[in-house]
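Trainee: Mind looking at a prediction? Sequence and model below.
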Amino acid sequence: MAFVEIKGLKKTFRNLVAADIDHLKIEEGEFVSLLGPSGCGKTTTLRCIAGSIEPDCGSIFVRGREITQVPTYKRKLGLVFQDYALFPHMTVFDNIAYGLRYREVSKTDVKKKVSEALDLVGLAGFEERFPHQLSGGQQQRIAFARSVVYEPDVLLLDEPLSNLDFKLRKAMRFELKRMQRQLNITTIFVTHDQQEALSLSDWVVVMNEGRIEQVGTPNDIYENPASVFVADFIGSTNIIRGVVTQCDSAKGICGVSLPHAPELFLPFKETVRVGEEINFIVKPEKIGLERTPRAEHAVEGTISGVSYLGSAFNYEIRIGALKIEALDSQGDYKNRYEIGDSIFLTFDPAGVKVLRR
Amino acid sequence: MGLPTYFKKRIYLFFLVPPLLVLTVFLLVPLAILLRYSFSTHIPGQGLQMVFTLSNYLRFVTDKYYLNGLLITLGTGLLVVIVTLVFAYPVAYLYAKARFRYRGLLLIMLLSPFYTNVIIKIYGWMVILGRQGVVNKMLINFNLLDRPFEFLYSYIGVIIIMVYVHVPMMTLLLIGPIQNIRDSWIESARICGSRNLDVIKNIILPLSIPGILSGAIIVYTAVIAAFIIPLLVGGDWGKRFISVMMYTHINVTQNWAFASAIAVILIITSLSIIIFFSRWIKSMKVGVLVSEKFNR
Amino acid sequence: MKNSIGKCSLVASNVIVYAFLFIPLVMVIGISFSPTYQMVFPPQGLSLRWFKYILDQKEFVDSFFVSVVVAFFASLVALLIGILVSLAIVRYHFRWKTAIENIFMMPIILPTVVTGVAMLQFFSLVGYGDFWMRLILGHIIVTIPYTIRSISASLYGVNRRLEEASLIMGANPLQTFKNILLPLIKPGMIAGALLAFIISFDNVTVSLFLLGAKTVTLPVRIMLYLEWHIDPSVAAISTILITLTVITILIAERIVGLANIMRLE
C-alpha cells in the first residue's frame, strides 16, 4: 500500500458534490499538489484528510493504517493554513511548542526541537516574539515550523502562499521546496496557482468539480494535458476545436477544418477518423514562423499582436477567424515581426496533441 | 464550505440544557403563571379564585380610567422619544464622525451617567427641581415666583427625567447607524455643490432614518414599561402609567389577577410595536443594507 | 469636517447635552459635601459629615453589602450561563437557533416590572422562602442577556482555524477549549461580567419586588429613605456610587477597551 492512499472518497454539501475521488496514491517523501480552480474539491479533500470534515463515504489510509474514523487530534498530521492561524495570545516559542505539549516530550527536548525548527525556517532567535509583531512571510514560516516540529506523517498545506505578495511568494516557493527536501516529509499542497504547482511538485493532481482530471508529473501536465479543462487551466497553450477532413497516414498529417478559417494541416500523433470532431492543443513555443513558406503544408496568417517579453516574442496570429498564440524565442529584435505582417506557420508534431476529454 | 466535524458535535446542545433549565423555571414558568392568573378573578378578602374568565381584560378595555392610562403611557413614550432623539442625535453624530485622540473620553462621559443608578439620577433632579431645590430657590430669589412651583410631581418632571435617563442609551444606539453613513457620500454631495442644510436634508437625514427608528423603538419600549420614574416623581400623572397601575393593584388591592392582566396587556403592546416596526424597518433597509455591506 | 457654522452648532449642541447630562450629577456630588441640612449648590462649605453619617447608618451599610453580594453571585452565574449559551449559539447551527437566541434575550425585551411581578408570583406560589436566593435568581435572569451578548460577540471574532490548528497539532477538544478558546474570549468574559455586575447593582424594579426583610438592596433602600427624608445623606451615598461607577468604567476601558463594550449595547 502507498504511504497515503485515498479510496472512494465522497463528500456532498447540500446537493453540491464537493469531492468525488476514486483512488489517489501518494508515496513517502513525495510533494503532491492538488491543483484546480475554487470549488474544485481540493480543499475539501485536504480537510477530509486532516479530519476537519467528515466524508460521506470512503477511506483514507496513512502508513497503511486507516484513519477515516480516527479523530483529528490523533492523526499525527501537520496543516498550514492560508491565513497561518498562529495563536495570537502565545509567543512564537509557545506556538511551535504547542504540538509537542501533547506528545510527551521532555522540557529540554522541547527547547531543542523548537530551536531546530526555527533554524530550519531561518528565524532563529524569534522565540519571544508575538505573531502580531511578525511580517506575513515570517508568520508563514512560523506556521510551517510549528507544523513540522512534531514530525507528522503527512504535511498538509492549504494555499499557504496565497496571502503573500508576489515577490515574497516566489522566494517562499524555493524555501518551501528546500525545507521539504531537507525533512523528506510527505507533503500535500493545495493551490489554484499552476505556476506554484508545476514548480514545486513531484506529482500534480488536477481537479475539477470534485473529480480528478489528471494525475501526472509537472512535465506531463504541461506537455500532455489529458483534457480540455486541464489544458485550459494550465494555460499557455492554444486549444482548437475542428472537424477532421482528410488524413494522409504516409506523411502523418491530417487536415482539420475550422469554422470561418482555412483548413489547417497538422501532424497528429494520435489516430483520428475523418469526420470526427476533435479538440486539440498546439503549443505556442512549438510553432515555426517564416516569412516565406518552406514546408508543404505551411498555413498563412497575419500578425495581429506583438508582445516583447525580453527573452522572447509573444505573437498573436490571425488565421481567418482563428486566433493563435505563438512564442518565438529564436528571433532577434531587429528581425521581429510587426502587426500586419503576413506569416507562414508550421507545426512541430511534438507540440500538437489531441484531447480526448 | 462545511463546518469542521468538531463543530457539528451534538455536545453543544447539552451546553444549552442548564441555561435553558434556569430560564424556563425562573422566567418562562413564572410568565405562564402570570398568564394563567390573568384569567382568574380576585375576591377581596379571599384572594385568588382559579377560574377561567376574561373579566380582567374586559374590565381594562371598558374602563376609561385604564384606557386613558394606556394612552397616557403610549403618548408619553412618543414625546419622550422625540425629545430624546433631538438631544441624542448631535452627540451621536459628533462621536461617530469625529476622529480625535480623546474620543474615548467622550465615551466615558457618556457611559458614566448611563451606568449611574436611576435612583441617584432621580435624586439629582429632586435636588434641582424640588420645592426646596435649586431652581425654585433661584426663581424665588429673583422674585419671579412667590411660592415654590411643583416641577417634580408633574407631567413636566416626568418628561424631563425620562429624557434625562434615556439620552445616553439613545446616543449609543445611534452611533452605529451614523457610522454607516460614509464620509465619501457626504463629500461627494458637497463637491456637487450642496450646501450644509441640503446635505443634511438629502443625504444625512434619509440615511439616518433606519438607525433612528431602531433606536427609537428600543427606547420607546423602555419608556412605556417605565416603572420607577413615574412611581417616584410622577405624582398624579405617574399613577396613570401602566406599570404603576399594575403595582398599585398588587400593593394596595392585592388583586393579582387584574395586575397580571395589565402585565399581559403591556407585554402584548410592547411586542406588537417591536415586531411591527422591525418589519417596517427591514423593508426600508434594503437600500441601506447594501451600504452596510460595503462598510464591512 | 464641515464648514464653521455647521461645526460650531454641532459642538455647541454637544456641549449643551453633555452639560445637561452632568449637571444633576455634579450637583449631587457638590451637595454631599454640604455642612448643613441645606441642599444648596454650591455648598456653603465643605464637610464630610454626611459621609460619616451614612457609614453609621446600619441600614445603608447592610444594603450596600446585600447589593454587592447579590451582584457578585448573579454575575458569576450569568457569566457561566453566558459561556455555555454563547458556545452553543456561535458554534453550532441547529434549526431552532434563532428562537433560542430570542428566548435568552427576553429579559431585556420584557418590561422589568413584568419580570419582577412574575417571579414574585412564582416564588409565592411555590412557597420558596429563601429571600437571598430569590433575589440572586432574579438578578441572574435580568443579567443573562448581557453576558450572552458580550461573550458571543467575542466568540464571533475568534478565528475558527485556530481551533482546527490546535486539534491537528494534537490537542483534544477539551484542551483546545482551555488553551485556545478561553484565553481568546477573556475580553468578552470580563466585559460581560462587569456589565452584569453594574446592571445587577443598579437594578431597582426586580429588587423591589423580590425583597425580603434582610435583603434590601442599596438602590431600594435609598428609594425607601427618599420617601420620608430628603437630605444630603443620599447625596453622600450617590457620590460614593458615582465614583465607583466611574472607576469601574475606567477599569473596563483599560482591560477590554470600551468601544468593545459599546458595540454590544
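Mentor: That came through fine. Numbering: from 1, shown residues only, chains lettered A, B, ... in the order given.
Trainee: Only the buried residues of stretch A:43-61, if you could.
Mentor: A:43-53, A:55, A:58, A:60-61 (16 or more other Cβ atoms under 10 Å in any protein chain shown). C-beta coordinates here come from the backbone N, C-alpha and C atoms, glycine included.
Trainee: Kindly apply the preceding question to stretch C:117-132 instead.
Mentor: C:117, C:118, C:119, C:120, C:121, C:122, C:123, C:131.
Trainee: Pull up the gap between the residue of the stretch 51-200 of chain B found nearest chain A and chain C, please.
Mentor: Closest residue of the stretch 51-200 of chain B to chain A, Cβ to the nearest Cβ: residue B:104 (21.3 Å). Look at residue B:104 and chain C: by Cβ to the nearest Cβ, to the nearest Å, they are 6 Å apart.
Trainee: what residues does the helix or strand hosting that residue touch?
Mentor: Per DSSP states H and E, residue B:104 falls inside helix B:103-115. Contacts of helix B:103-115 with the rest of the structure, by Cβ atoms under 8 Å, 6 or more residues apart in numbering or on different chains, involve B:91, B:94-95, B:121, B:168-169, B:171-172, C:18, C:21-22, C:25, C:198, C:202, C:242, C:245-246, C:248-250, C:253, C:258-259, C:262.
Trainee: Please indicate which of these are buried?
Mentor: Here, 16+ other Cβ under 10 Å leaves B:91, B:94-95, B:121, B:168-169, B:171-172, C:18, C:21, C:25, C:198, C:202, C:242, C:245-246, C:248-249, C:253, C:258 buried among the contacts of helix B:103-115.
Trainee: Restricted to helices, list these.
Mentor: B:91, B:94-95, B:121, B:168-169, B:171-172, C:18, C:21, C:25, C:198, C:202, C:242, C:245-246, C:248-249, C:253, C:258 (DSSP state H).
Trainee: tell me the pLDDT at the closest residue to chain B within chain A?
Mentor: Among all residues of chain A, residue A:52 sits closest to chain B, at 3.9 Å; criterion: Cβ to the nearest Cβ. Listed pLDDT for residue A:52 reads 87.
Trainee: wait, what's in contact with residue C:90?
Mentor: C:152, C:155, C:156.
Trainee: now for the host helix or strand of the first one, which elements pack on it?
Mentor: Secondary structure from DSSP H and E places residue C:152 in helix C:131-156. On a contact count with 3 or more Cβ pairs under 8 Å, 6 or more residues apart in numbering or on different chains; DSSP states H and E, helix C:131-156 meets helix B:11-23, helix C:58-91, helix C:97-109, helix C:112-126, helix C:186-202, helix C:205-209, helix C:258-264.
Trainee: so that helix versus helix C:112-126, what angle?
Mentor: Computed by axes from the mean of the first three to the mean of the last three Cα atoms, to 10 degrees, the angle separating helix C:131-156 from helix C:112-126 equals 130 degrees.
Trainee: Would you mark the buried spots in helix C:131-156?
Mentor: For helix C:131-156, burial by neighbour count (16+ other Cβ under 10 Å) applies to C:131, C:134-155.
Trainee: can you check stretch B:35-53 too?
Mentor: For stretch B:35-53, burial by neighbour count (16+ other Cβ under 10 Å) applies to B:37, B:38, B:39, B:40, B:41, B:42, B:48.
Trainee: Stretch A:23-30 too?
Mentor: A:24, A:25, A:26, A:30.
Trainee: what's the pLDDT at the third one?
Mentor: Here, the pLDDT recorded for residue A:26 equals 91.
Trainee: any low-confidence regions in the stretch 201-350 of chain A?
Mentor: Across the stretch 201-350 of chain A, nothing is flagged by pLDDT under 70.
Trainee: again, 90 this time
Mentor: A:209-210, A:213, A:220-228, A:231-301, A:307-314, A:319-324, A:326-350 (pLDDT under 90).
Trainee: what pLDDT, on average, does the helix holding residue B:104 get?
Mentor: Averaged across helix B:103-115, pLDDT comes to 87.
Trainee: With stretch C:199-216 instead?
Mentor: The pLDDT scores in stretch C:199-216 average 91.
Trainee: residues contacting residue B:174?
Mentor: Residue B:174 sits in contact with B:88, B:89, B:92, B:93, B:96, B:208, B:211, B:212, B:215, where contact means Cβ under 8 Å, 6+ apart.
Trainee: go on, residue C:59?
Mentor: If you count contacts by Cβ under 8 Å, 6+ apart, then residue C:59 has C:216, C:221, C:225 around it.
Trainee: So which of the residues you listed are in helices?
Mentor: Those of the contacts of residue C:59 mapping onto helices are C:221, C:225, per DSSP H.
Trainee: List the contacts of residue C:255.
Mentor: Contacts of residue C:255 (Cβ under 8 Å, 6+ apart): C:187, C:190.
Trainee: As a check, name the ranges of all strands in chain B.
Mentor: B:41-43, B:47-49 (DSSP state E).
Trainee: Done for today, thanks.
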